[in-house]
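>>> Got a predicted structure plus its sequence, pasted below:
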Amino acid sequence: MKSVGQKTLLAIMLAVMVLHAAVLSLLHQPAIASRFFTAAMPMLTAACFVCRSRRLPERERLSWWWLSAAIALWGSAQALEAFISHSTSASNLSADPADFLYLTAAFPLLMAISNTAETESIRGIFAVNLSQVLLAAGLTYVRLFHMSMSADEAATVMLKIYAAECALLAIAACMRLATWATLEERRRMRLMCLTLWIYLPIELSLDYATKRWNLQKGTLLDLLWGLPFLFAGWRALQMPMEDAAQPRTKSRGQKMGLLLQSLCPMLITVGVFALAASIWSQHFFLALGAMFLLLLIQGLHSGMVQLNYLEGRILLLDREQELKVANAELEQLSLLDPLTGVANRRQFTTALEAEWKRALRRQESMALLMVDVDFFKSVNDLHGHTYGDTCLVTIAHVLRDDLRRANDLVARYGGEEFVLLLPETDMAGAMIVAERLRQAVDAAQMENKASPFDQKVTVSIGVSTIQPWPTINVTALINSADQALYEAKQTGRNRICAQECQLSLPKTEIPAM
């Protein structure tokens, strides 16, 4: 939906075109008035560009401002020509201040074309490009006002310069259209490309007609000058605003686009170099100095781009390292029980499978202890869930701290159950560890008023050992330890029961000491 200001601008532009046509049709000598109407159209188009840029993200505004400056300079040249030029030709092919503005208008346009997503946000590169524009303005002044040539030679030179300038800009805009980074940049470059290709045949045709047939100002052909600007202003206000910052998705031709993108900042350098070369014959040292300065500027430009790339690369590597550390921490956290800080069931399952395979290769025994907190529901009911959590944390730390070997593992299996994985352990060793752990929990003196064992928190432990064989599944060890734990709970709690999976030994019971 267009705002009131946008509708007003479009209405004014259409009114200017209608009034221009009326003036050309009714007035006897409308040349001066026609120049003012011709100047009004680019000024209104520049206002349309500014109006659009104010509604865009900050990153997308700079190129619109360069376009506005270029078009405003072209309109200023038309207005200045109305005051200072006595020629009634359709195109101004003489060397005067108006021509200076015509030529310098190309350089803000080159700035808009040469700026890329990687360079437009770097202030140093902006300063370097601006210095090239100022150098171009100085060389343009020398080319127009300090070169010895006749009026006919000046007309021929100006015709060639205008033609080369327009062609360079149109081709450069097409190249730049292939390197867009956001949807708004794509819309802007497409508009610039279409506008330049509409303007190019008009410029060349009217310049050629002026040089060949002395075409005069004040005919209906003057309306042609306003057509590209009317199109550009109308299109700038009509283009959608949504998804302006949406980045470009990867495509098969992205490598070619990146190559063109790296060449785009050289467009303005090529234009300045051509200006320096054009004054070589009469101002040798000035041209040589300008080329040397241009080389220095280009070196600074390349250095800043490379520095920005290296800084970005270093930042990317730092972020990558931080991401690796964060991922490692997250991976570690994903293997720990958030309440007790010991291994969780996921880590236990992984460790059990790995130890099973290792024991199978080496034909060694392994033991599994399954620990359950006695009367834990009563702990929560009588003392509260916060105290129950504290008891679980204390028990987890007691179990973990009492283990003597680095490859032993304690994990929270679920609720109030813990498991201990003991590699390279037979039944005798597992029973010693189990009894030591049971006594350590008892010695922690955690209160449980519902416990018949001196109102203290105690644990029951099921022990199972096995020597893995290819025909035996790892779940056999878990089921055996679970059955042993069930037996310990059924026979009075605060005790240890054991099962030997492989040998199928009868169950043994060790009473509490």
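Structure's in. What do you need?

>>> what's the neighbour count on Leu196?
23 (other C-beta atoms under 10 Å). Just so you know, the C-beta spots here come from the backbone N, C-alpha and C atoms, and that holds for glycine as well.

>>> For it, which non-adjacent residue is spatially closest?
Ala170 (4.3 Å; C-beta to C-beta, 6 or more residues apart in numbering).

>>> do the same with Val157
Met149 (6.5 Å).

>>> Tell me if that neighbour really is in a strand.
No - counting by DSSP: H, G, I helix; E, B strand; the rest coil, Met149 falls outside a strand, being coil.

>>> continuing past the helix or strand in which the residue nearest to Leu196 is found, what's the next helix or strand?
Using DSSP states H and E, Ala170 sits within helix 151-177. As assigned by DSSP H and E, the chain's next helix or strand after helix 151-177 is helix 183-213.

>>> now whichever helix or strand comes after that following helix against helix 183-213, angle please.
Next helix or strand after helix 183-213 toward the C-terminus (DSSP H and E): helix 227-238. Taking axes from the mean of the first three to the mean of the last three C-alpha atoms, to 10 degrees, helix 227-238 and helix 183-213 form an angle of 170 degrees between their directions.

>>> packing partners for helix 227-238?
Counting contacts by 3 or more C-beta pairs under 8 Å, 6 or more residues apart in numbering; DSSP states H and E, helix 227-238 is packed against helix 4-26, helix 31-53, helix 183-213.

>>> Let's have the ones you listed in JSON lines, adding distance to Val128 and mean pLDDT.
Output for these, formatted as JSON lines (distance: least, C-beta to C-beta, whole Å; pLDDT from 0 to 100):
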{"stretch": "helix 4-26", "distance to Val128": "34", "mean pLDDT": "87"}
{"stretch": "helix 31-53", "distance to Val128": "23", "mean pLDDT": "91"}
{"stretch": "helix 183-213", "distance to Val128": "21", "mean pLDDT": "87"}
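
>>> deepest of the ones you listed, which one?
For the helices and strands packed on helix 227-238, the largest average neighbour count (mean count of other C-beta atoms under 10 Å) is found in helix 31-53, namely a mean of 22.

>>> can you dump the C-alpha coordinates of the following helix or strand past it into PDB?
Next along the chain after helix 31-53, taking DSSP H and E as the criterion, comes helix 61-84. Output of helix 61-84 as PDB, limited to C-alpha atoms (Å, rounded to 0.1, in the frame of the first residue of the first chain):
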ATOM      1  CA  ARG A  61      20.300   2.800   2.300                       C
ATOM      2  CA  LEU A  62      23.700   3.800   1.100                       C
ATOM      3  CA  SER A  63      23.400   2.700  -2.400                       C
ATOM      4  CA  TRP A  64      20.000   4.400  -2.800                       C
ATOM      5  CA  TRP A  65      21.700   7.600  -1.600                       C
ATOM      6  CA  TRP A  66      24.400   7.300  -4.200                       C
ATOM      7  CA  LEU A  67      21.800   6.800  -6.900                       C
ATOM      8  CA  SER A  68      19.900   9.800  -5.700                       C
ATOM      9  CA  ALA A  69      23.100  11.900  -5.800                       C
ATOM     10  CA  ALA A  70      23.900  10.800  -9.400                       C
ATOM     11  CA  ILE A  71      20.400  11.600 -10.700                       C
ATOM     12  CA  ALA A  72      20.300  14.900  -8.800                       C
ATOM     13  CA  LEU A  73      23.600  15.900 -10.400                       C
ATOM     14  CA  TRP A  74      22.200  15.100 -13.900                       C
ATOM     15  CA  GLY A  75      19.200  17.200 -13.200                       C
ATOM     16  CA  SER A  76      21.400  20.000 -11.800                       C
ATOM     17  CA  ALA A  77      23.400  19.900 -15.100                       C
ATOM     18  CA  GLN A  78      20.100  20.400 -17.100                       C
ATOM     19  CA  ALA A  79      19.100  23.400 -14.900                       C
ATOM     20  CA  LEU A  80      22.600  24.900 -15.100                       C
ATOM     21  CA  GLU A  81      22.500  24.500 -18.900                       C
ATOM     22  CA  ALA A  82      19.300  26.600 -19.000                       C
ATOM     23  CA  PHE A  83      21.100  29.500 -17.400                       C
ATOM     24  CA  ILE A  84      24.600  29.500 -19.000                       C
END
